[in-house]
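Colleague: Next input, structure requested:
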Amino acid sequence: MSEIGQVAYLALLAFLAPFGAHRLRLLWLRARRPARVEHRAWRGSLPTVTVQLPVYNEANVIERLIDAACRLDYPTDRLEIQVLDDSDDETVVLAGRRARAWRARGIDIRHIRRRSREGFKAGALAHGTSVARGEFLVVLDADFVPPPGLIRDLLPPFEDPSVGAVQAAWDHLSPDASWLTRAQALFLDAHFAIEHEARYRAGLFFNFNGSAGMWRRGCIEAAGGWQSDTLTEDVDLSYRAQLAGWRFVYRDDVRVPAELPSSLRAVEIQQSRWTQGGIQSARKLLPRIWRARLPAAHKLEATAHLAGHIVHPLTLTMAVALAGAGWLAGTGFGLPSIVHAFALFLATVPFVLFYGAAGAIRKRRGIARRIVEALLLGLGLGVPLTFAVLRGVGGRRTPFARTPKRGFSPTVGYRARLAGGTALIRFGLAVALAGAIVNTALLGSPAAIPFTALFAAGYALTSRECLRTPPSPAVPG
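Modeller: Purely as a prediction, here's the structure:
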């Protein structure tokens, strides 16, 4: 049995090692490649731009969103605002009233309602695009507050006719509200400041992020349009467009702040949708990517990006293995201390460097605390995100679940119900790992304790967050 445990443990480490190595590679790519400078000013007459606001039951933020979109600094005769409203709650009344008020002030704003919510966000964007009058389209999700100059910042790179989309960086409205928002802010800082910037500098594929970006309408149409067969319609269309020969531009110097989910369940809803959709996109696109005439670097990076969520079931399996070994023997699989030290190194050092660099680039305060919080949240999310991976791998189709938002002055008390099954598994793992640490310490094999403690802390912290969140009605779709 000991030999089987050793082999399984070492195999898990071997599978996990590439994920840390990939983070280091992205850091290296960003550091060794110079920043790319695209067009910074539009020459000639300004084109017509349509701003699309896809919303579903967003009573707490819809007025803020419409106000910010209508205040964008762009000639009103060449600006169209589409409120793509699939709501079935108070949002409909609030959006309609706000749209009428801005229309009376000379803004071309349309409150567009569909007969059904078919295709969810992708369906709403496809419908809006079919009736839009703009040559270029800006997409803004409900939780974003764009700066007035956003259109003028994103437009200039489109002077190159090969550019199909321009993505701005996401920023945060309240990054320091709690440990949850600090951890999420660091996740997103790393995604944009390092992942996107590294891929863009290296000429690799990267994705439009669903919001705070601008599309050339001709690119959307040439790539096959918005499709709803994955939960990440943004990733899907991005890769199809780049496979068709379109070039994407990333503007890290353009920042668009958005609201961060304020509860653990809201984080789980958002992250589970991204995870399941990412795996769905991998199933759909990777065969096409590997058949395409692309450099090997493009294919490998696309694979690492789209299939990266596989790390969640691997880390969950490692947690179960550590708990089991601690309870059954407490001897750390009988492996030498250097192996456990190496395991801890793999699980921490690449990610500490990755997130630490992101925090430094974004000039965040208290970087050490943020890194610890991000690592623990990432581990604690392993349970729900493993289920999301399994749904994606199994081809299961699920509705597009919106992320609950509070806004500055909540109109509706939206809260998401705690997922009882995943909460119990997380709590059980926290208890099992804590017991494994005690048993291991008593049996005199301390080398495995730090690695086990890292997992125990992640599950314990997120379990505590579950206990602090009272149960409430589920947020609709």
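Colleague: OK, contacts around residue 225?
Modeller: 126, 129, 237 (Cβ atoms under 8 Å, 6 or more residues apart in numbering). C-beta coordinates here come from the backbone N, C-alpha and C atoms, glycine included.
Colleague: Return the member of these nearest to residue 14.
Modeller: residue 237 (34.7 Å; Cβ to Cβ).
Colleague: Relative to residue 114, how far out is that closest one?
Modeller: 19 Å (Cβ to Cβ, to the nearest Å).
Colleague: I'd like to know how many residues surround residue 445.
Modeller: 21 (other Cβ atoms under 10 Å).
Colleague: Grab the longest helix from the protein for me.
Modeller: Ranked by residue count under DSSP state H, the longest helix found in the chain is helix 2-32.
Colleague: okay, residue 237 and residue 114: which has more neighbours?
Modeller: Higher neighbour count among residue 237 and residue 114: residue 237, with 27 against 14, using other Cβ under 10 Å.
Colleague: Not counting its own residues, what contacts the strand or helix carrying that one?
Modeller: Using DSSP states H and E, residue 237 sits within helix 233-243. Applying Cβ under 8 Å, 6+ apart, the contact partners of helix 233-243 are 121-122, 125, 164-165, 205-210, 219-220, 222-227, 229-230, 248, 277-278, 281, 284-285, 288-289, 292, 302, 306.
Colleague: Write a ChimeraX command that selects only the buried members of those.
Modeller: Typed into ChimeraX, the line below selects the buried ones among those, using 16 or more other Cβ atoms under 10 Å:
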select :121,122,125,164,165,205,206,207,208,209,210,219,220,223,226,227,230,248,277,278,281,284,285,289,302,306
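Colleague: Mind checking which of the contacts of helix 233-243 land in helices?
Modeller: Filtering the contacts of helix 233-243 for helices - DSSP H - leaves 121-122, 125, 219-220, 222, 277-278, 281, 284-285, 288-289, 302, 306.
Colleague: Just the closest of those residues to residue 385, please.
Modeller: residue 278 (10.1 Å).
Colleague: Leaving out chain neighbours, which residue sits closest to the closest one?
Modeller: residue 309 (5.1 Å; Cβ to Cβ, 6 or more residues apart in numbering).
Colleague: okay, that neighbour: pLDDT?
Modeller: Note on residue 309: pLDDT of 97.
Colleague: Could you pull up the contacting residues of it?
Modeller: 275, 278-279, 385, 388-389, 392.
Colleague: okay, the helix holding residue 237 in PDB with CA atoms only?
Modeller: Extracted C-alpha coordinates of helix 233-243, given in PDB (Å, rounded to 0.1, in the frame of the first residue of the first chain):
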ATOM      1  CA  GLU A 233     -18.900  32.900 -25.600                       C
ATOM      2  CA  ASP A 234     -16.200  35.500 -25.400                       C
ATOM      3  CA  VAL A 235     -13.300  33.000 -25.400                       C
ATOM      4  CA  ASP A 236     -15.000  31.000 -28.200                       C
ATOM      5  CA  LEU A 237     -15.500  33.900 -30.600                       C
ATOM      6  CA  SER A 238     -12.000  35.200 -29.800                       C
ATOM      7  CA  TYR A 239     -10.200  32.000 -30.800                       C
ATOM      8  CA  ARG A 240     -12.400  31.600 -33.900                       C
ATOM      9  CA  ALA A 241     -11.600  35.100 -35.000                       C
ATOM     10  CA  GLN A 242      -7.900  34.700 -34.500                       C
ATOM     11  CA  LEU A 243      -7.900  31.300 -36.300                       C
END
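Colleague: buried set for it?
Modeller: For helix 233-243, burial by neighbour count (16+ other Cβ under 10 Å) applies to 233-243.
Colleague: can you check stretch 427-440 too?
Modeller: Result for stretch 427-440 [16+ other Cβ under 10 Å]: buried residues 427, 429-430, 432-434, 436-437, 439-440.
Colleague: Stretch 287-305 too?
Modeller: 289, 294, 298-302, 304-305.
Colleague: again with stretch 146-162
Modeller: So stretch 146-162, judged by 16+ other Cβ under 10 Å, has buried residues 146-147, 150-158.
Colleague: could I have that stretch exported to PDB, CA atoms only?
Modeller: Provided in PDB are the C-alpha atoms of stretch 146-162 (Å, rounded to 0.1, in the frame of the first residue of the first chain):
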ATOM      1  CA  PRO A 146     -16.400  52.800 -18.100                       C
ATOM      2  CA  PRO A 147     -14.300  56.000 -18.000                       C
ATOM      3  CA  PRO A 148     -15.600  58.700 -20.400                       C
ATOM      4  CA  GLY A 149     -12.700  58.300 -22.800                       C
ATOM      5  CA  LEU A 150     -13.000  54.600 -23.300                       C
ATOM      6  CA  ILE A 151     -14.200  54.700 -27.000                       C
ATOM      7  CA  ARG A 152     -11.500  57.100 -28.000                       C
ATOM      8  CA  ASP A 153      -8.900  54.900 -26.300                       C
ATOM      9  CA  LEU A 154      -9.900  51.700 -27.900                       C
ATOM     10  CA  LEU A 155     -10.600  52.900 -31.400                       C
ATOM     11  CA  PRO A 156      -7.200  53.900 -32.800                       C
ATOM     12  CA  PRO A 157      -5.700  50.400 -33.300                       C
ATOM     13  CA  PHE A 158      -8.500  49.600 -35.700                       C
ATOM     14  CA  GLU A 159      -6.900  51.800 -38.300                       C
ATOM     15  CA  ASP A 160      -5.000  48.600 -39.000                       C
ATOM     16  CA  PRO A 161      -7.600  46.700 -41.000                       C
ATOM     17  CA  SER A 162      -6.300  43.300 -39.700                       C
END
